[in-house]
Structures are given as C-alpha cells and as structure tokens.
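**Q** sequence? don't have it. structure:
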C-alpha cells in the first residue's frame with residue numbers, strides 16, 4: 001500500500017470532527033454504520049474513530065441521498081463495487097508478472113531446443129577443455 005493510501009486509511013478522527021467535516025449528525029453517521037455502509041474502527045475506550053476514507057464514504061452517501069437514491073439502492077451500489085473489486089483482485093492474482101513470463105518463455109525455449117541445464121553445462125565445460 002502506498003504511503004498516501006496508508007495515511008488516508010488511518011482511523012484518527014473522532015465522530016465530532018467527522019460531523020463538522022461532513023455536516024452530518026451523529027445519529028446519521030451511526031445509522032450509516034448500522035447499515036454497514038461505513039465501519040469505523042474503535043479505540044481502547046471503544047470510541048468510534050474515522051479515517052479520511054471513511055469521510056469520503058460518508059460524503060458519497062450524502063451525495064447519493066441528495067440525488068434521490070435510497071438506502072437499498074446505495075447498498076446495491078456498494079455491493080456491486082465490492083464484487084467488481086474482488087474480481088479485479090482475483091484477476092490480478094491470476095495474471096503473471098513480466099519476469100514470470102520471461103522465465104516461462106526461457107524455460108520453454110530451452111526445452112524446445114532439446115537443451116537442459118545439464119547439457120548446457122557439459123557443452124560449456126567441453127568448450128573450456
């Protein structure tokens with residue numbers, strides 16, 4: 001994770017600050033938590049702590065509601081986004097890196113050419129004699 005992303009995900013803001021930044025009430029914020037749209041971390045005293053990413057999420061929810069979406073619609077949007085993200089991560093995990101592809105191609109060329117490492121070594125050793 002990049003440092004910027006890491007810092008944005010740190011839960012350091014109490015609900016009072018979040019209320020000021022988002023212009024939402026504590027009740028609204030807790031309701032979005034009940035709906036599992038925002039999941040704040042808890043500190044040692046069991047107080048909710050929010051990250052900058054959480055604030056972005058709350059502002060996005062606020063925008064969706066202002067655009068006429070209801071809670072069920074917003075949940076569907078986030079479920080769809082989560083599925084797409086999971087598919088993207090799965091696809092990335094399955095894809096090979098450039099180095100891995102190069103190694104595979106190298107091994108295939110060696111195998112197709114009828115040469116293996118032992119034969120390469122013996123050819124090199126014979127040339128040195």
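**A** Here it is on my side, so go on. As the structure is a computational prediction, the values presented were derived from the model and not from experiment. Numbering: from 1, shown residues only.
**Q** burial of residue 72, as a residue count?
**A** 9 (other C-beta atoms under 10 Å). Yep, even glycine has a C-beta here, placed from its N, CA and C like the rest.
**Q** could you do residue 22 as well?
**A** By other C-beta under 10 Å, the residues close to residue 22 number 19.
**Q** ok, the one 10 residues further on next?
**A** Residue 32 has 22 neighbours, counted by other C-beta under 10 Å.
**Q** cool, and residue 48?
**A** For residue 48, the neighbour count with other C-beta under 10 Å is 20.
**Q** tell me the contacts of it?
**A** Residue 48 sits next to 14, 15, 33, 40, 41, 42 when contact means C-beta atoms under 8 Å, 6 or more residues apart in numbering.
**Q** helices along the chain, start to end?
**A** 3-8, 15-22, 26-34, 52-66, 71-94, 98-112, 117-128 (DSSP state H).
**Q** which one of these lies closest to residue 46?
**A** Proximity to residue 46 (C-beta to C-beta) singles out helix 15-22 among those, at 12.3 Å.
**Q** return the distance of residue 18 relative to residue 87.
**A** According to C-beta to C-beta, to the nearest Å, residue 18 and residue 87 sit 31 Å apart.
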